[in-house]
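Visitor: Generate a structure from the sequence data that follows.
(3 chains)
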Amino acid sequence: MIAELATLLVTCVLINNVILNQFLGMCPFMGVSKKTSSAVGMGIAVVFVIVVASIVTYGLYYLVLVPLGLEFMDLITFILVIASLVQLTEMFIKKTSPSLYKSLGVYLPLITTNCVVLNVCLANISNGFDFIHMLVYSVGTPLGFALVLYIFSTIRERLELSEVPSAFKGNSIALIVAAIMALAFSGFAGLV
Amino acid sequence: MENSRLKAFKNGLIKENPVFSLFLGICSTLAITTCVDNAIGMGIAVIIVLTMSNIIISLIRNITPDEIRIPVYIVVIATLVKIIQMLISAYAPSLNTSLGVFIPLIVVNCIILGRAEAFASKNNPMDSAIDGIGMGIGYTLAVLTMSLIREVISTGGFIVSNPFTTEKIFGITFIPEEYCISLFSSPVGAFITFACLAAAVGAYKAYADKKEAEAEKAKEVK
Amino acid sequence: MKYILAILFFGAMVGIYIFLYLMNKKTPLPEGCEDLKVDCSGCHDFGCTNHPAHHLKKEELQ
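Guide: This next block holds a predicted model:
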């Protein structure tokens, strides 16, 4: 049981990484990776929102939608739950902890239409996970996201100082870097 | 007026291509371009969702309170995408399996919400429909180009098949099998192809802007 | 019956979301955080409430 859960964790953090293998969450990956500090903030915000959103959508699906026979409402329910949760979290942080808001406040709203969150919620259902597996999957996936985002931002800070062919400046060279990182990460495939 | 509309339509194809120039909807572009079939299916799904959402949002633009218009757009788009997903899984099940989670993820595709907010919320339904079709074709063109490059390099040729029956319609081979680079069907190839195409579009854009500026200068001198 | 439930459920979800969206918009920013968003000129992600489109005044819309 524990070995199986560990395998699942390693798979979703390293082997089947959301950014480098499934290409999800590219917008924040390109947008928030210019500074290391913002990459860390975004990473923490994503982990938090995904874990909470997974638990809520998983519960709603099995406790409300399935008994009522409304499985076809899954997509609409999930996107509304995620969007509501982001608003609620932002409001809560604003009222209770200004210092936390200072470090995370800007990144929370970015998650409303983030495909990683929606994908994790949908995958929890389509993979037929039980509660424990769902929890491990929804912690591992955003951890993989945060890890790659952090590594990428450190590379990108160096990249600012280097001379790049003019056509490749900006996002294009960042994508080449992502390609090399994907190549490196594909080496993890033999791990499990 | 007609002329400027045509120009805007043309701009959307290359110079302001939603994918390579504005970097919208990169996630699905990178993921589904492993073969031409997927690109065609995804392109059509995006054109339909984009056109329909533009029309609906344009129709309700006067009765939506400004304060909450973006949440309303998200709801409209999610409903439309669910309808398209159900239609695809009923009539083209093979396409549904190969595109997988990327059909529901059209909801969070930046192109759809972006056009809704930037164009459909300010224009009449007719113009919005044209804008939706134009931007959709721009997206389709981008995914088609990318999938062609990737499929030809990784398998030597490409195959087009009927999405409803999975019957093969057309297939062609350019490169003998021993010279194919199968790396291009993996994520690495996706990133490299995308980066090179985006750089090419960027270079073309810089060239076109420079030419335009020169033409304007010449006009001023006259 | 099933479809009436679906519509009710849908209405409730939309209601909750819009209520929270408006509440959050009205909650003032804590002290010292007012200008945090200056850095963000907006990518193309309109779903993000940092995007300038969420904060336009009525007159600026047209």
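Visitor: What ranges does chain C have for its helices?
Guide: Per DSSP state H, chain C has helices spanning C:2-26, C:58-61. These are given in chain order.
Visitor: Single out the most deeply packed of these.
Guide: Sort these by mean neighbour count, taking mean count of other CB atoms under 10 Å in any protein chain shown, and helix C:2-26 sits at the top with a mean of 15. Heads up, the C-betas are built off the backbone N, CA and C, glycines and all.
Visitor: hmm, that helix touching chain B?
Guide: Yes: shown here: helix C:2-26 in contact with chain B (CB under 8 Å from any CB of the partner chain) through C:14, C:17-18, C:21-22, C:25.
Visitor: can you tell if that helix touches chain A?
Guide: Yes: looking at helix C:2-26 against chain A by CB under 8 Å from any CB, the contacts come from C:2, C:5-6, C:9-10, C:13-14, C:16-17, C:20-21, C:23-24.
Visitor: Name the helix or strand for the residue nearest to C:M13 when sequence neighbours are not counted, please.
Guide: Nearest in space to C:M13, with sequence neighbours left out and distances taken as CB to CB, 6 or more residues apart in numbering or on different chains, is A:L80 at 4.3 Å. In the assignment (DSSP states H and E), A:L80 maps to helix A:74-96.
Visitor: Return the list of helices and strands in contact with the following helix or strand past that helix.
Guide: Sequence-wise, the next helix or strand beyond helix A:74-96 is helix A:98-104, with elements assigned using DSSP H and E. Where contact means 3 or more CB pairs under 8 Å, 6 or more residues apart in numbering or on different chains; DSSP states H and E, helix A:98-104 is packed against helix A:36-60, helix A:74-96.
Visitor: tell me the mean pLDDT for the first one?
Guide: Per-residue pLDDT over helix A:36-60 has a mean of 90.
Visitor: Identify all contacting residues around the next helix or strand after that helix.
Guide: Once helix A:36-60 ends, the next helix or strand along the chain (criterion: DSSP H and E) is helix A:66-68. Under the contact criterion CB atoms under 8 Å, 6 or more residues apart in numbering or on different chains, helix A:66-68 has outside partners C:2, C:5, C:9.
Visitor: Was I right to think the last one contacts A:M73?
Guide: Yes: with contacts defined as CB atoms under 8 Å, C:F9 counts as touching A:M73 at a distance of 6.6 Å.
Visitor: So is the lengthiest helix in chain B next to chain A?
Guide: Within chain B, and with DSSP H defining each element, the longest helix by residue count is helix B:187-221. Yes: applying CB under 8 Å from any CB, one finds that helix B:187-221 is in contact with chain A at B:187-192, B:194-196, B:198-200, B:202-203, B:206.
Visitor: which among these end up buried?
Guide: B:187-192, B:194-196, B:198-199, B:202 (16 or more other CB atoms under 10 Å in any protein chain shown).
Visitor: What residues does chain B have near chain A?
Guide: Counting by CB under 8 Å from any CB, the residues of chain B close to chain A are B:23, B:26-28, B:30-31, B:71, B:74-75, B:78-79, B:81-82, B:85-86, B:101, B:104-105, B:107-108, B:110, B:113, B:186-192, B:194-196, B:198-200, B:202-203, B:206.
Visitor: again, 6 Å this time
Guide: Along chain B, the residues adjacent to chain A under the rule CB under 6 Å from any CB of the partner chain are B:23, B:26-27, B:30-31, B:78, B:82, B:101, B:104-105, B:107-108, B:187-188, B:191-192, B:194-195, B:198-199, B:202-203.
Visitor: what residue is smack in the middle of chain A?
Guide: Here the mean C-alpha position of chain A is nearest to the C-alpha of A:P142 (CA atoms, centre = their mean), at a distance of 3.9 Å.
Visitor: That residue reaches A:V51, doesn't it?
Guide: No: between A:P142 and A:V51 there is no contact, the gap being 7.4 Å when judged by CB atoms under 6 Å.
Visitor: B:R150: which of the residues of helix B:187-221 next to chain A is nearest?
Guide: The closest of the residues of helix B:187-221 next to chain A to B:R150 turns out to be B:G189 (CB to CB; 5.8 Å).
Visitor: Apart from its chain neighbours, what residue comes closest to that closest one?
Guide: Once chain neighbours are set aside, the closest to B:G189 by CB to CB, 6+ apart is B:L183, at 5.3 Å.
Visitor: Which residue ranges of chain B form helices?
Guide: Remark: helices assigned in chain B by DSSP H are B:2-13, B:26-32, B:36-59, B:69-91, B:93-99, B:110-115, B:125-155, B:187-221.
Visitor: What ranges in chain B fall below the confidence cut-off?
Guide: Applying pLDDT under 70 to chain B picks out residues B:1-4, B:8, B:12.
Visitor: Kindly recompute the last result at 80.
Guide: Low-confidence segments of chain B (pLDDT under 80): B:1-16, B:21-22, B:162-167, B:169, B:222.
Visitor: How about the residues of it by chain C?
Guide: B:24, B:66, B:68, B:71, B:75, B:110, B:113-114, B:117.
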